[in-house]
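> Build the 3D model from these lines:
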Amino acid sequence: MIRNAFWHSWKTWTGVALGALLVMDLGLGIFLWPGRRQEPAALQADRDRLALQARLLRADVQRGEKIRQSLPTAGKECEDFYRYSFLDASTGYSQIEADLGAIAAETGVKTTGFSFKRKDTKERGTTEIQISATVDADYPALVRFINGLERSKNFYLLDSLHLASGEMGGIRLALELHTYFRT
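Predicted coordinates:
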C-alpha cells in the first residue's frame, strides 16, 4: 500500500511536470510562430541591416576615441592661438596701428587713419576691439591689402566692406573689422 501511494504520487508529480512542460512548449511555439512566417530573404536582409548598423556604431566609437585622444593637442593649440594671435591689451593699439600701417605701405594703399572702439567681453579674458579704416587705391592694391590682413600674424575678422569712388579714378574702401586683446 505504501508502495502504491508512492507510485501514485510520483505519477501525479510527473504528470503535472509534463503538463507544465507542454504548456511552456505551446507558449514558446505561439511566441515563435510569427517569426516562422518570414521568408529567408527577409531574415537575411534584417541580418545584413543589423550587421551594417553594428559596423557604423563601431566606426563611431573609433572616431570618438580618436577625438578623445586629440583633445590634449587641441587644448594646447587653443592656448597657443590665444597667446600668440591675441595681442596684449597694454600694447595692442600701437601694434595694430603699426601692423595695419605696414600692410598699407607694403600694398601701396593710402589710409586716412584708423579708429578703435573697445567692447569688453566677460568670457575668456578678452576685450573685443572694433576697427574702422578707410583706404584709397586701385583695385589690385585693395585686393593685396585684404590679402595682407588675412596673412597677418595678428588676428583680424573682417566684418564689412563698403566700396565708393575715390580720388583720381581710384577706389575708396571703408573697412570694419575687429580683433581681440588678452586682458
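
> Tell me, how many residues neighbour Ile103?
Ile103 is flanked by 22 other residues according to other Cβ atoms under 10 Å. In this view, the C-beta of every residue, glycine as well, is placed from N, C-alpha and C.

> now for whichever helix in the chain runs longest, which elements pack on it?
Looking across the chain with DSSP state H, the single longest helix is helix 40-85. Packing contacts for helix 40-85, counted by 3 or more Cβ pairs under 8 Å, 6 or more residues apart in numbering; DSSP states H and E, involve no helix or strand.

> Please, which helix or strand holds Ile131?
Using DSSP states H and E, the element containing Ile131 is strand 126-137.

> what angle separates the helix or strand following that strand from strand 126-137?
Of the helices and strands lying after strand 126-137 in sequence (DSSP H and E), the nearest is helix 139-151. Going by axes from the mean of the first three to the mean of the last three Cα atoms, to 10 degrees, helix 139-151 is angled at 160 degrees with respect to strand 126-137.

> can you list contacts of helix 139-151?
100, 103-104, 106-109, 135, 137, 156, 158, 161, 171, 173, 177 (Cβ atoms under 8 Å, 6 or more residues apart in numbering).

> isn't Tyr180 right up against Ala89?
No - counting by Cβ atoms under 8 Å, Tyr180 does not reach Ala89; the two are 9.6 Å apart.

> joint contacts of those two?
Thr127.

> out of those two, which sits in the more crowded spot?
Tyr180 (23 against 16).

> and the host helix or strand of the more buried one, which strands flank it?
In this assignment (DSSP H and E), Tyr180 forms part of strand 171-182. On the basis of DSSP bridges, the sheet neighbours of strand 171-182 come out as strand 87-88 (parallel), strand 126-137 (antiparallel), strand 157-165 (antiparallel).
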